[in-house]
Each structure stands twice: as structure tokens, then as C-alpha cells.
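Novice: structure, please.
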Amino acid sequence: MLILNIFLSFFKIGLFSFGGGYVMLPLIEKEIIQGNAWLTHSQFIDIIAIAEMTPGPVSINLATFVGYKIAGIPGAFVSTIGVIMPSLVIILILVKFLSKFYELPIVQSIFRGLRPAIIALIGLAFIMVAETSIFFDDLRSIGIAVAAFIVLTLTRINPVLIILGGGLAGFILY
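Specialist: Coordinates of the predicted model:
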């Protein structure tokens, strides 16, 4: 029964997540932490960090790691299938029909309306991760976050090096 519930939860997440892995974060949090209490918020933040560092799409990595944490390999398998299945089906249907209707004003309006909603969901994901990951009463943590942001924004340094640098800074400062 747990495996079926994991599949259905991630199917629902995949069905209502338009815009990628970071858009899924609030939905996964609501479903997995608040709805089913399968993970704690702290465990979820750790899984987000692992999913971001692992090669591949964040949404699939996140689903796989969460499923594994809940129910091992079977959980990882069904959560991954559950999260990609709605997108796969929707994309196949859209490709069939959207190519004929993409230039219609109503379709263009729908896509223009989706953009701000996706930006809002990504912003909410940022706030959720920042609340748990950045300790606002700790200046060292804020300093590492600001330094990483500045370096990422102003240079072309590989993000992996930024992550390693943040880990090294944390090791030295703490």
C-alpha cells in the first residue's frame, strides 16, 4: 500500500508541476512532509542538496531520493515513474495538437499567464530552502550565502566549485 501511495503522490506532483524541479519543491513539501509525514523538513532539505549536486534533472533526482528514503529501491522506482509519467503523457499529447494551434492568441496568452506563476513557485522554493539552510541569526552562514551568490552572479565559475567552496568555508568557519 505504501508503494502505491508513493506512486500516486508523485504522479500528482508530476501532474501539477509545470516548470521544472524547483517548481516541484513546494508541492513535494506539502505532499510528503505535511500530507503524509514521510519525511521531516530537515531530511527534505538534505535530499534537495543531494538532488541538486547529482547529475541529471533535479525533479527526477528529487523524486528518486525521496522515494528511496521512504521505501528503498521500490520507492525510488515508483516515485521516479510517478513523477515523469504525467509529463511524458502530456508532452506526447501536446506535440500532437499544439503544433497546429501554437500561434493562436489564446494559446500564447496561456503561456504568458504561466510564466509569472512559475516564477512565484521558484521564489517560494528559494524561500523554503533559505529558511532551513541559511541560519539568519548566524553571520557566518549569511556571509557564505552572500559570497556564493555574488560569485555565481558575477563570474562564470562552475557551480560545483562554488558548492565545494561553500563546504570548505563551512568547515573552516565552523
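
Novice: show me the shaky parts of this protein.
Specialist: Low-confidence segments of the chain, defined by pLDDT under 70: 18-21, 133-137.

Novice: and the helix of greatest length in it, how far out from the chain middle?
Specialist: For the chain, the longest helix by residue count, based on DSSP state H, is helix 58-101. Here helix 58-101 is found 13 Å from its chain centre; the criterion is CA atoms, centre = their mean, to the nearest Å.

Novice: can you pull the buried residues of whichever helix or strand comes after that helix?
Specialist: Note on helix 58-101: by DSSP states H and E, the next helix or strand toward the C-terminus is helix 105-133. By 16 or more other CB atoms under 10 Å, the buried positions in helix 105-133 come out as Leu121, Ile122, Ala125, Met128, Val129. Glycine gets a C-beta too; all of them are placed from N, C-alpha and C.

Novice: then stretch 4-21?
Specialist: Across stretch 4-21, burial judged by 16+ other CB under 10 Å covers Ile6, Phe7, Ser9, Phe10, Phe11, Lys12, Ile13, Gly14, Leu15, Ser17, Gly21.

Novice: which helices and strands does the helix or strand where the second one lies pack with?
Specialist: Phe7 is part of helix 2-16 when elements are defined by DSSP H and E. Under the contact definition 3 or more CB pairs under 8 Å, 6 or more residues apart in numbering; DSSP states H and E, helix 2-16 sits against helix 21-28, helix 58-101.

Novice: could you dump the first one to CSV, C-alpha only?
Specialist: Backbone C-alpha positions of helix 21-28 (Å, rounded to 0.1, in the frame of the first residue of the first chain) are rendered in CSV as follows:
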residue,chain,number,x,y,z
GLY,A,21,12.3,20.7,-10.4
TYR,A,22,12.3,23.9,-8.4
VAL,A,23,8.6,24.4,-9.1
MET,A,24,8.0,21.0,-7.6
LEU,A,25,9.6,21.8,-4.2
PRO,A,26,6.6,23.4,-2.6
LEU,A,27,4.3,20.6,-3.9
ILE,A,28,6.6,17.9,-2.7
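
Novice: and that helix, what does it pack against?
Specialist: Against helix 21-28 (3+ CB pairs under 8 Å, 6+ apart) you get helix 2-16, helix 41-53, helix 58-101, helix 105-133.

Novice: for Leu168, which of those helices is the nearest?
Specialist: helix 41-53 (14.8 Å; CB to CB).

Novice: and stretch 76-93, what's buried?
Specialist: Neighbour-count burial for stretch 76-93, counted by 16+ other CB under 10 Å, picks out Ala76, Phe77, Val78, Ser79, Thr80, Ile81, Gly82, Val83, Ile84, Pro86.
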